[in-house]
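Student: can't give you the sequence, but here's the structure:
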């Protein structure tokens, strides 16, 4: 047991290091001199004199070997110091935490609603394979992954805000502001999740013990609710939880379209204004979130289902 | 599955034969701006009086060209990566596997946007930058599938037998491994094109994609969002184009997968 | 039936009476007025001091510029004498800053000394500021010219109270907040988010009126579309274009829609002209014939359409018609692509056109121009660049043409001439020996009729040399919900929100 936990944690740490190195090196894929890039962005396009360039290089420690720079950067990161935003001058961590709540609210609402709906929809579809409800579920799924979420969001805005004047397309704080963005997010959220629920349920329903239960003459509802569900729950919950990791930092497109004052929109703004420390932090943090959630899910999965620990 | 193929056919046809179907997508006509769809202009006109139908049709060319390039690059690189990782196993697999995990843990769009943002500073947003930025994250799905396939095939008797009689790795790869992974790879590619097209148009929508006046669906959609009251067609038609195209690839891809699964024989 | 009619009429009379009563009471207006603005007010000060909005609403200047008569008129200064390099201002008496401290010659000296200490470029040629007595101050410049006086009507020469810094009165002191004689005082400031102002009772007393609100909140919403949405959702009572001219502004394509929906649109023409600036120091734009052909190739009426007809096509000159001397110069920018082709002798000229990505409308204008120029023989390579990359290309001269603007609101007229046409300026649009000399002559000339002659000469020189390609003259809008009274909104060239009242 402990061995398994240790193994997983070590794996996670290795991956985290890899991601951190990737984020760190983003600055270096820019051909030419990173010091010059930093200077240009901060001076608004005014090129540096050779002396200013040297000063900046020394100040930022850019004349040291790459690995040492990485080490310094990493030690700061571990203390939570992501540097200061080039735009506002305030710590990146502060800027992100200011906007985190708005993203989190939107995400939690959307995630909960889409999880519930896809759970119900997926089960119903699996139980009624090839009947009407199954077709509906699969169609919604297909549409959900084919229609880009920014287009769907704009359509919602056009129909409900512009034409019908029912809901506002902008703003934050009042209940009505949440309706359209959540709807947009739920639509794409359902598409992937309900598929998985349906597929998992189908797989389990085909397994022998279910067939045995049917042979015993148990009513279908009992079979489904008592046996199948219990076994399906774990993979489904696992899957749901892993999708948290990818979405935790907000759906970029939805926040942009609805001008939602969240973290993802800030990320886009920072990319446009070349606010590099923020971009770097966002790349790193979004994967940290994913990795940590995965780790927690894996470990708790191991606690629940002992078979997992002896795998691999 | 056939419906999907049909849709793809239409889109590809539009992209390839754009000159014959549509008018000049660049031609500006200020006296005819923001016209609603009509016989003269099937999709209406945009803020500069350009025929929207033509822009959407030529946009198909842009999207398909980028998507195909990205898919080919991802497919080749990803498959090689996954094949090497799966086949040789051991430390190579450990390291390569971790690399895949690293890429899997960063949301694709985030890295795409960051890359385009950084690279466009010195190169502008050229097609090359977009292809590179999206392929940079896209190859991973191929690597994973191929690695999985290779791992499972590796243990089959005929491979072990071939090894026993002293066949070279290259021979085994060529004769046994590759024919068996082509199927899943093709299926993945078909399903993947949809995601790639959405990634391309997402970048375009954010202003980080192909720049105007070159027609690109995401960019046209973005310019249309300011005209929802007066000219909603500017937003609607490119959006439908994206959705329909992706739908086509998805339907076809799923059909393909079902077909290949049913007929799943290991090629010996 | 008749009974109903009587009741109806009685009811109408009644409500009319009640309405009348309401009008005289103070209960008519809301206590808070909320405005949506696109640019941060920079109240922490910086390289150019505070933002333009507080420069207009918190501070006042010694003089104001009357463009229709090309004159400077008294504002905080009652009168002045110009003796070559020295201007002696006689200040109005009895004026107080919003914190009660007196407006006097010491305050003027402090403001100017602070600009000098901050090395602001407009103050670089001030040699000395002397307090002669409590209401008289003498400013000596390095050179005697008309432009010296013009500077005092500029945004940047707003007079701040010495108590704006600590220690009070120290030009090198730490900036606290701007305290001025204008209609508002600063209460709180959240950078990039919100500013809260309150009416400056002393200013209102001077005007003999009462403010219609107690609190003035300005919400900073940089994205144009979002700002309009804020107006629609009621989050703000009104939105304004960038007070200096240029963007951010309310997208012109929204104006007819907003009007239809019942919002009130207030417009004022602004003497700001959007132009194509040439990289005239290298080929092909170093050839005046090619520049001339370029001007002939532009259809300015079409550009006007792009802005739903709200702007003015710049075919009668590179400055707006209300600018001194422009009408008299009788310049005509013709649209004649055939003539352009002839000048180019049938050859196709390649042009590298850079545009900054931030501005959606400019990108549309650029695409339109590209197509127009194609007809005349110019093959334009349009490069839409990130703002940082754009600035770099511009600085290094790596382009042939780019979008630019000349002017601002009225008070910027002479300053813009200086910045755009003086040969030594970093941000010039165009200069040549002749144009540069004329520009300097204009800025030196105190006599207004002689100055006008020089201006006309200068306009004609720019036109003959095809120094720039003017596109359109812009305007300024303020849009309010229908329950907002604006009073004398455009008493100055910039919108002044001091008279606004939001009805309940």
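Tutor: Now that the structure is in, tell me what you want to look at. Every value quoted in this text rests on a predicted model; they were computed, and no experiment measured them.
Student: Not including adjacent chain positions, what is the nearest residue to residue C:390?
Tutor: residue C:356 (4.1 Å; Cβ to Cβ, 6 or more residues apart in numbering or on different chains). Placement of C-beta: from N, CA and C, glycine included.
Student: Do you know the pLDDT at the one you found?
Tutor: pLDDT for residue C:356: 85.
Student: contacting residues around it?
Tutor: C:362, C:384-387, C:390-391, C:403 (Cβ atoms under 8 Å, 6 or more residues apart in numbering or on different chains).
Student: Then residue C:41?
Tutor: Here residue C:41 is in contact with C:50-51, C:53-54, C:189, C:195, C:218, C:220 (criterion: Cβ under 8 Å, 6+ apart).
Student: Kindly report the same for residue B:55.
Tutor: B:25, B:46, B:215, B:220, B:238.
Student: What residues sit buried inside the lengthiest helix in chain B?
Tutor: Criterion DSSP state H: the longest helix present in chain B is helix B:52-88. By neighbour count on 16 or more other Cβ atoms under 10 Å in any protein chain shown, the buried set for helix B:52-88 is B:52-64, B:66-71, B:73-75, B:77-79, B:81-87.
Student: got the angle between the next helix or strand after that helix and helix B:52-88?
Tutor: Using DSSP states H and E, the helix or strand that follows helix B:52-88 towards the C-terminus is helix B:90-105. Using axes from the mean of the first three to the mean of the last three Cα atoms, to 10 degrees, the inter-axis angle of helix B:90-105 relative to helix B:52-88 is 150 degrees.
Student: The next helix or strand after helix B:90-105 vs chain A: in contact?
Tutor: As assigned by DSSP H and E, the chain's next helix or strand after helix B:90-105 is helix B:108-123. Yes: judged by Cβ under 8 Å from any Cβ of the partner chain, helix B:108-123 comes into contact with chain A at B:109-111, B:113-115, B:117-119, B:121-122.
Student: Can you read off the pLDDT for the most centrally placed residue in chain C?
Tutor: Centroid-nearest residue in chain C: residue C:244, 2.6 Å away (criterion: Cα atoms, centre = their mean). pLDDT for residue C:244: 87.
Student: if you skip the residues just before and after it, what's nearest to it?
Tutor: In space, and not counting its chain neighbours, residue C:244 is closest to residue C:52: 4.4 Å by Cβ to Cβ, 6+ apart.
Student: ok, now which ones touch the one you found?
Tutor: Neighbours of residue C:52 in contact, by Cβ under 8 Å, 6+ apart: C:39, C:155, C:242-244, C:494.
Student: Now, of the residues you listed, which are buried?
Tutor: Neighbour counting by 16+ other Cβ under 10 Å classes C:39, C:155, C:242-244, C:494 among the contacts of residue C:52 as buried.
Student: ok so, going back, just the buried residues of the residues of helix B:108-123 next to chain A.
Tutor: Looks like these have B:109-111, B:113-115, B:117-119, B:121 buried, using 16+ other Cβ under 10 Å.
Student: Can you say which helix or strand has the residue of the stretch 401-504 of chain C found nearest chain B in it?
Tutor: Chain B sits closest to residue C:472 of the stretch 401-504 of chain C, with a gap of 13.1 Å, by Cβ to the nearest Cβ. Residue C:472 belongs to strand C:468-480 when assigned by DSSP H and E.
Student: what do you get for residue C:186?
Tutor: strand C:184-190.
Student: swap in residue A:101?
Tutor: Here residue A:101 sits within helix A:92-127, counting by DSSP H and E.
Student: Could you list the buried residues of stretch C:444-454?
Tutor: For stretch C:444-454, by 16+ other Cβ under 10 Å, it's C:445, C:451-454.
Student: What of stretch C:73-90?
Tutor: C:75-77, C:80, C:85-90.
Student: of those, closest to residue C:299?
Tutor: Nearest to residue C:299 among the buried residues of stretch C:73-90: residue C:75, at 41.9 Å, using Cβ to Cβ.
Student: Next up, the contacts around the closest residue to the closest one other than its chain neighbours.
Tutor: In space, and not counting its chain neighbours, residue C:75 is closest to residue C:64: 4.6 Å by Cβ to Cβ, 6+ apart. Contacts for residue C:64 were tallied using Cβ under 8 Å, 6+ apart; they are C:72-75, C:153, C:411, C:492.
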